[in-house]
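Novice: any chance you could fold what I've pasted below:
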Amino acid sequence: MREDLEVQMDLDEGGEELEIEDEDEVEEEVGVGEKGAARRSRGGARGFRVTDRDVELVRWVGRVRFATARQVMARFGLHPAKAYARLKGLVGVGLLRTEQPFRGAGVYVATREGLGFAGLEHLKAATVAAGSYAHELAIVDVMIGIELAGDELLVLTEREMRRLGEAYMLRLGTSRSASSRHWPDLALEAPGGKRWAIEVELTRKSRERMDRKLRAYDSSRYEQVVYYVPDQRAASRLRLQGERAYLREGFLSVRVLDDDAKKRASQAKEHAASLAAGERERVQTLEQDARTVPHLQRQLEQHQAAVTRLEEQVATFTAEREAFVRGGPLVRRRMLKQWETEVRSA
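Specialist: Numbering: from 1, shown residues only. Sure, this is the predicted structure:
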């Protein structure tokens, strides 16, 4: 058994191999038939064996859309070398994939095969967008803190709540349209059925929109809504808005995110600003090209007219040449005299 649990992985560009054994990972290899055996053996993960904890890791990543290696280490208590080895192996067998929405922002995503392998075939493979990158990872950080607290609470992600339909949904306003439906970023449920909603807000929303959401929460089945915001200023603003909305006493709780989440939010904001600047430059170039097109069109028409005149001249010259060749002495003398006259007048 212990030999089966050894993992040999290439961990650096120099090709140095590190043999890793984990005393805590004396688990049975996950049996999934011939297809599973082929899945485990392919990809560059030489000697890699998928364990029960690997399946749990893939399932967790699938539930939260995507996660960084640091978050995987924190959630599962893995040493960095061990974490990177397991993640690389899971990528090698096709259960996870890596994506980089922008420079310096790499995450792991459960593949469609990985979701099915972990019993989440009802979920679609997640996409990674630069615009929601910081928000999604901040949610993951909050979820890790809740899960590691050891409370007897069921943690549900938005992806899972959407699959459950209206049970955890809010209706923002009286409209029955899809745009009025809202699910919290996370939901907590106690064994007795009590529920708490978790929201992560990294950007300032309009007062009208926040009022509508807070009142919807206040009239819902949730015992409390907990908001995580980037700084104390945002926290004070939200608490004041909650007071003005006359929410149930103690219903709204506001907390400040840690420095890592704020750093990612700032990084994503800078990236978005860079993209916006690039888009503005592209629009300006297109506008300039659009102004240039009429001028280029006129030049093209002039060149086409010149080509037409030259073609007419060539046709005339060809006809005259044939007439000169076929004509007799008198015709040739007359044509030569005509050409001399044309040359002098030119």
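Novice: report whether Tyr228 is found in a strand, as I expect.
Specialist: Yes: when DSSP: H, G, I helix; E, B strand; the rest coil is applied, Tyr228 is found to be in a strand.
Novice: I'd say it and His135 touch.
Specialist: No: contact criterion CB atoms under 8 Å: Tyr228 and His135 do not qualify, at 10.5 Å. The way it works is simple: take the backbone N, C-alpha and C, and place the C-beta from them, glycine included.
Novice: so between these two, which is more surrounded?
Specialist: Tyr228 (25 against 19; other CB atoms under 10 Å).
Novice: picking that back up, what sits in contact with each of Tyr228 and His135?
Specialist: Shared contacts of Tyr228 and His135, defined by CB atoms under 8 Å, 6 or more residues apart in numbering, are found at Val200.
Novice: chain center to the helix or strand harbouring Thr341, what's the gap?
Specialist: Taking DSSP states H and E as the definition, Thr341 sits inside helix 329-345. In this view, helix 329-345 has its centroid 79 Å away from the chain centroid, taken as CA atoms, centre = their mean, to the nearest Å.
Novice: mean confidence score for it?
Specialist: Helix 329-345 shows a mean pLDDT of 75 in the predicted model.
Novice: which helices and strands does it pack with?
Specialist: Contacts defined by 3 or more CB pairs under 8 Å, 6 or more residues apart in numbering; DSSP states H and E place helix 329-345 against helix 259-326.
Novice: so where is this protein shaky, pLDDT-wise?
Specialist: Regions of the chain meeting the criterion pLDDT under 70 cover residues 1-46, 173-179, 259-280, 282-283, 343, 346.
Novice: residue boundaries of the strands in it?
Specialist: 7-10, 17-20, 66-67, 96-102, 105-110, 154-157, 170-171, 181-182, 186-189, 195-200, 224-229, 252-256 (DSSP state E).
Novice: ok, which of those comes nearest Glu312?
Specialist: Between Glu312 and these, the shortest gap by CB to CB is with strand 96-102, which sits at 59.0 Å.
Novice: buried sites along that closest one?
Specialist: Across strand 96-102, burial judged by 16 or more other CB atoms under 10 Å covers Leu96, Arg97, Pro101, Phe102.
Novice: with stretch 232-241 instead?
Specialist: Of the residues in stretch 232-241, those buried (16+ other CB under 10 Å) are Ala234, Ala235, Arg237, Leu238, Gln241.
Novice: gap between it and the chain center?
Specialist: Here stretch 232-241 is found 30 Å from its chain centre; the criterion is CA atoms, centre = their mean.
Novice: ok, residues contacting that stretch?
Specialist: Applying CB under 8 Å, 6+ apart, the set of residues contacting stretch 232-241 from outside is Glu201, Arg204, Arg207, Met210, Asp211, Leu214, Tyr227, Val229, Leu252, Val254, Arg255, Val256.
Novice: what about the fourth one, how many residues nearby?
Specialist: The burial count assigned to Met210 is 18, neighbours taken as other CB under 10 Å.
Novice: please name the nearest non-neighbouring residue to it.
Specialist: Setting aside the residues directly before and after it, Met210 is nearest to Gln241 in space (CB to CB, 6 or more residues apart in numbering), at 5.8 Å.
Novice: swap in the last one?
Specialist: If you skip the residues right next to it in sequence, Val256 has Ala235 as its closest partner in space, 5.6 Å away by CB to CB, 6+ apart.
Novice: can you list the domains in the chain?
Specialist: If the domains of the chain are taken from automatic domain parsing, they occupy 1-129, 265-345, with pieces of a single domain joined by a plus sign.
Novice: for Lys337, see how far away the most far-flung residue of the chain relative to its centre is.
Specialist: Among residues of the chain, the one most distant from the C-alpha centroid is Leu330; the distance is 85.6 Å, by CA atoms, centre = their mean. From Leu330 over to Lys337 the distance is 11 Å, taken as CB to CB, to the nearest Å.
Novice: His303: neighbour count?
Specialist: His303 is surrounded by 10 other residues when neighbours are defined as other CB under 10 Å.
Novice: test my guess that Leu153 contacts Ala187.
Specialist: No: taking CB under 8 Å as the contact criterion, Leu153 and Ala187 are not neighbours in contact, 9.6 Å apart.
Novice: so between those two, which is more surrounded?
Specialist: For the pair Leu153 and Ala187, the greater number of neighbours falls to Ala187 (22 against 17), based on other CB under 10 Å.
Novice: ok, that one - contacts?
Specialist: Ala187 is in contact with Val155, Leu156, Met161, Tyr168, Arg195, Trp196, Ala197, Ile198, Tyr222, counting by CB under 8 Å, 6+ apart.
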